[in-house]
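Trainee: What follows is a predicted protein model with its sequence.
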Amino acid sequence: MISIWKKELRSSLFNVVGFLYLAASVFFFGVYFYVINLYGGSAHVNHAYASVVYLFSITIPILTMRTFAQEFRDRTDQLLFTAPVSLPKIVMGKYLACVTLFLIPVVLAAAFPLILTGYGDSAVTEAYTTLLAYVLYGLLAISIGIFLSSLTNNVVVAAVLSAVVLFLGYTMGGFGELLGTSFLKDFFGAFHLQARFVVMENGVISLRSVLYFLSAAAAFLIFTVLRLRKIQCGSGGNAAAFRHRMIWLLGTVVLLVGLNVGAAFLPDSVTEIDVTMREFHLLTEQTKRFLGDLSEDVTIYVYQKESDADMNTVKMLKNYAEYPRISVEYVDPALSPRFPMRYTANGFSEGSLVVASDQTFRIIPAESIYTYTDAGMAEYGAAPDGFDLEGLLSSGIDYVTAERIPMVYELSGHGELLLSGDFEAALTRENVKLQEINLVSSGSIPKDADSVLILAPKEDYSEAEIGALRDYLNGGGHMYVLLQWTQEEHRNLHGLLSEYGIRVENGIVSEEQTELYFQEPYYIVPEILSTTVTEELSGNIALSANSLGLRSDDPAVETILKTTPSAFLKRNPEKAESDGKEGEDETGEFLLGVFRKWTVDLTPADAGEGAGRITRNAELTVFGSPYMTQDAVDQYVSGMNRKLFINIMDHMVTRPALIYVPTKTYKVQYVVVPHSDALFFGVILSGVIPGILLLTGVSVWILRRRR
């Protein structure tokens, strides 16, 4: 068998067809990895692997078409049959040679998740589970191709047959859906190869799928041996030999079908291994510090028997109960059916929690503990994509023990953006009350304002409104400002910022260095610098899109984000002929985000307090990008823009540090790969390596022709 394997492998590597297969496989792997992950920013390499599977109907026939059809055409099959090697070993030798060639591109593709981890949190376990499914699918596809090659002496016919059968195997499930009946769905589903692959695509090792691929591959190899046995014995073989072959065939089919049917009756807990599950019940360091500093007793009621409760929930609650101020009690709905009425007239479902102190309480519905990508997916039995209990519990405990709720006002009336999505949810979870305010009608910032948000106004503010904002800052206020480019400069707002040492350049900033932007020059990925409000996040990257340029000569102004000196500014981006640098564009280093903190001395009357002078810290944060609080941008940096926002808000509310624990997600969504790196890997993987393989194959073929 080893000698056959070596001979076949040597034959493939000394033939242009083998190198054509390698080049095609590496090319398609590289193209999909570049488009989906490097350029598209997806953290899921499994999507790239899954996209290549449908190409089996093209690549595998190239790999297997010559295995036996070439032998029959060249009449060398008799040499095989008379060789001192059994037919099963001949088949396995050829099969292993094809598998070896098949695995070479797979080994290269296995490096893709490791490449991506250099740019963020990549979904590694999902990637390698999908790659395992890809290999299993390939093992079956190769066995099918070898069997079909044994049916003909025409290499082209063998390739076409393999392509058709593998295409049908990929799409077979659709036939059952079209025909509609349950029996036909099950019948066609039994031959649907793609369905077994999809089960393993998202990080679940399905033993049913593994058994299906391996047993089906073994079946086709046995069919190949029986086919060769028939040829070896001649078409006029005796009846006893024919019956012997049929018994073998029938016995093989019955055994393999029986194994798969038996596996179908096993529970999912036995046949499925979820390799994406993390220790989600463990508490974060932030929660541990928060619970350790509690000075008030809190009780967490669980409206469910402990034996019936979700395992992740039970484990997490045990960790909370380890702290002296926290107690956990399970309430049996059968014994206390009216328990929910103590807290709400509408009641709540089993599995819900109540966080209660002597002052107040908060209800955590059972439906909110796990999160889903699309609303309503839980009703269809879809798997959750996140576990949110720690964030909900810590926020609830903070709420029921807080002395006061901070107030944050966001300005409206000038086309401003309003906080929404994950950013609004994050601030709400911090137990901060968010309220909209229009300065035209209110005339001033309310005295209970802990902070004011100005999110990318489209129109400038009046002098009276600017006066109200100036009075607020001079009174020790905290302001968070996002800017956006408009044709007419916001002279009043920009003038106010200049009073505090921040100069605004009304133009869109872009980076010229391709390694410092994502997809487009104005999607800049600067490093977060260490400042008063960003010390914990320094070294991470944020995403600043369509940012105005900021500058400052004031030493009191701290830089959060900035460009390199090679950045450039487009004063009128709407009339720009290209996204790249043009002759009239101003070049230089621009600030993208800044922070300033200063001390304000107030009279007792201004402070609204008793006798004696009052000192307060005023704070001003300014970002040039209008998208710093937008989910669509934040997802590309795995929530880093949101973390930056929350860190800043921690300093802008007059209360102890806020408690924000993000949802513990099962799935990582996006990474940011600088444009230059994406191009580099894309060219290498989809151009250079396939090109070298193809040229090598052609060179080998030419050299052999000249001999």
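Mentor: Sure thing, it's come through.

Trainee: what does stretch 9-26 contact?
Mentor: 52, 55, 58-59, 62-63, 66, 97-98, 100-101, 104-105, 108, 685-686, 689-691, 693-694, 696-698, 700-701, 704 (CB atoms under 8 Å, 6 or more residues apart in numbering). The C-beta positions use only the backbone N, C-alpha and C, and glycine is treated the same way.

Trainee: got the phi/psi numbers for the nearest residue to E306 once chain neighbours are set aside?
Mentor: Counting by CB to CB, 6 or more residues apart in numbering, E306 lies nearest to Y330, which is 4.5 Å off, once chain neighbours are set aside. Here is the backbone geometry of Y330 (degrees, to the nearest 10): phi -100, psi 130.

Trainee: From what I see, Y330 and Q304 are in contact.
Mentor: Yes. Using CB atoms under 8 Å, Y330 makes contact with Q304 at a distance of 6.5 Å.

Trainee: Looking at these two, which is more packed in?
Mentor: Higher neighbour count among Y330 and Q304: Q304, with 21 against 16, using other CB atoms under 10 Å.

Trainee: what's the spacing between that one and G347?
Mentor: 14 Å (CB to CB, to the nearest Å).

Trainee: And for G697?
Mentor: Applying CB to CB to G697 and G347 gives a distance of 71 Å.

Trainee: would you put the C-alpha positions of stretch 446-453 in CSV?
Mentor: C-alpha atoms of stretch 446-453 as CSV (Å, rounded to 0.1, in the frame of the first residue of the first chain):
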residue,chain,number,x,y,z
PRO,A,446,-30.4,71.9,34.0
LYS,A,447,-28.5,72.0,37.3
ASP,A,448,-28.8,68.3,37.8
ALA,A,449,-26.8,67.5,34.6
ASP,A,450,-23.9,65.3,35.3
SER,A,451,-22.9,65.5,31.6
VAL,A,452,-24.1,66.8,28.3
LEU,A,453,-23.8,65.0,25.0
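
Trainee: buried ones in it?
Mentor: Within stretch 446-453, the residues that qualify as buried are A449, D450, S451, V452, L453, counting by 16 or more other CB atoms under 10 Å.

Trainee: same check, this time on stretch 95-111
Mentor: 95-99, 101-102, 104-106, 108-110.

Trainee: so of these, which ones are in helices?
Mentor: Applying DSSP state H to the buried residues of stretch 95-111, the entries found in helices are Y95, L96, A97, C98, V99, L101, F102, I104, P105, V106, L108, A109.

Trainee: would you turn these into JSON lines with distance to L250?
Mentor: Converted to JSON lines, these look like this (distance: CB to CB, whole Å):
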{"residue": "Y95", "distance to L250": "23"}
{"residue": "L96", "distance to L250": "27"}
{"residue": "A97", "distance to L250": "30"}
{"residue": "C98", "distance to L250": "27"}
{"residue": "V99", "distance to L250": "27"}
{"residue": "L101", "distance to L250": "33"}
{"residue": "F102", "distance to L250": "30"}
{"residue": "I104", "distance to L250": "37"}
{"residue": "P105", "distance to L250": "37"}
{"residue": "V106", "distance to L250": "35"}
{"residue": "L108", "distance to L250": "42"}
{"residue": "A109", "distance to L250": "39"}
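
Trainee: I'd like those residues laid out as CSV, including distance to L591 and pLDDT.
Mentor: CSV is the format used below for those (distance: CB to CB, whole Å; pLDDT from 0 to 100):
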residue, distance to L591, pLDDT
Y95, 63, 93
L96, 61, 92
A97, 61, 91
C98, 59, 91
V99, 57, 93
L101, 55, 92
F102, 53, 93
I104, 49, 93
P105, 46, 93
V106, 47, 94
L108, 42, 93
A109, 41, 92
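
Trainee: now the strands: where do they sit in the stretch 351-500 of the chain?
Mentor: 353-356, 361-364, 370-371, 386-387, 407-411, 433-437, 449-455, 478-482 (DSSP state E, counting those that start in this stretch).

Trainee: Ok, which of those strands comes nearest A123?
Mentor: Closest to A123 of those, according to CB to CB: strand 386-387, at 13.5 Å.

Trainee: which helices and strands does the closest one pack with?
Mentor: Applying 3 or more CB pairs under 8 Å, 6 or more residues apart in numbering; DSSP states H and E, one finds that strand 386-387 makes contact with strand 370-371, strand 664-665.

Trainee: Averaged pLDDT, it. What do you get?
Mentor: The pLDDT scores in strand 386-387 average 80.

Trainee: now do stretch 358-372
Mentor: Per-residue scores along stretch 358-372 average to 87.

Trainee: same check, this time on stretch 638-653
Mentor: Here the average pLDDT along stretch 638-653 is 87.

Trainee: now do stretch 224-239
Mentor: 70.

Trainee: what do you get for stretch 16-32?
Mentor: pLDDT averaged over stretch 16-32 gives 89.

Trainee: Next: stretch 504-513.
Mentor: 88.

Trainee: Tell me which residues of it come out buried.
Mentor: Under the neighbour-count criterion of 16+ other CB under 10 Å, stretch 504-513 has V504, E505, N506, G507, I508, V509, S510, E511, E512, Q513 buried.

Trainee: pretty sure the first one belongs to a strand, no?
Mentor: So the one you mean is V504. Yes. Using DSSP: H, G, I helix; E, B strand; the rest coil, the assignment for V504 is a strand.

Trainee: Verify the contact between it and L482 for me.
Mentor: No. Look at V504 against L482 with CB under 8 Å: they stay out of range, at 11.9 Å.

Trainee: which parts of stretch 56-65 are buried?
Mentor: For stretch 56-65, by 16+ other CB under 10 Å, it's F56, S57, I58, T59, I60, P61, I62, L63, T64, M65.

Trainee: residues near the residue lying closest to V157 once chain neighbours are set aside, how many?
Mentor: Once flanking residues are discounted, V157 sits nearest to A69: 7.3 Å by CB to CB, 6+ apart. Neighbour count for A69, taken as other CB under 10 Å: 25.

Trainee: For M640, see how far away A69 is.
Mentor: For A69, the distance to M640 (CB to CB) stands at 56 Å.

Trainee: again, but for L151
Mentor: Noted for L151: a distance of 57 Å to M640, by CB to CB.

Trainee: Next: L55.
Mentor: L55 is 35 Å from M640, by CB to CB.

Trainee: hey, which strand is longest across this structure?
Mentor: In the chain, assigned by DSSP state E, the strand with the most residues is strand 591-602.

Trainee: Which secondary structure elements does that one sit against?
Mentor: Using 3+ CB pairs under 8 Å, 6+ apart: strand 591-602 touches strand 548-551, strand 557-562, strand 614-623.

Trainee: Check which residues of that strand are buried.
Mentor: L591, L592, G593, V594, F595, R596, K597, V600, L602.

Trainee: And that strand, how far out from the chain middle?
Mentor: Taking the mean of its C-alpha atoms, strand 591-602 sits 36 Å from the chain's own mean (CA atoms, centre = their mean, to the nearest Å).

Trainee: picking up where we left off before, closest to L256 out of the strands of the stretch 351-500 of the chain?
Mentor: strand 370-371 (37.9 Å).

Trainee: Name every sheet partner of that closest one and say whether each one runs parallel or antiparallel.
Mentor: Sheet pairing of strand 370-371 (DSSP bridges) gives strand 386-387 (antiparallel).

Trainee: next one: the partner strand to chain centre, how far?
Mentor: Worked out by CA atoms, centre = their mean, strand 386-387 lies 14 Å from the chain centre.

Trainee: swap in stretch 541-551?
Mentor: Going by CA atoms, centre = their mean, where stretch 541-551 is centred and where its chain is centred differ by 24 Å.

Trainee: So what would you say the end-to-end distance of it is?
Mentor: For stretch 541-551, the separation between the terminal residues is 20 Å (CA to CA, to the nearest Å).

Trainee: likewise stretch 478-492?
Mentor: End-to-end distance (CA to CA), stretch 478-492: 19 Å.

Trainee: for the record, mean pLDDT for that stretch?
Mentor: Stretch 478-492 comes out at a mean pLDDT of 92.

Trainee: Okay, buried residues for it please.
Mentor: H478, M479, Y480, V481, L482, L483, Q484, W485, E489, H490, N492.
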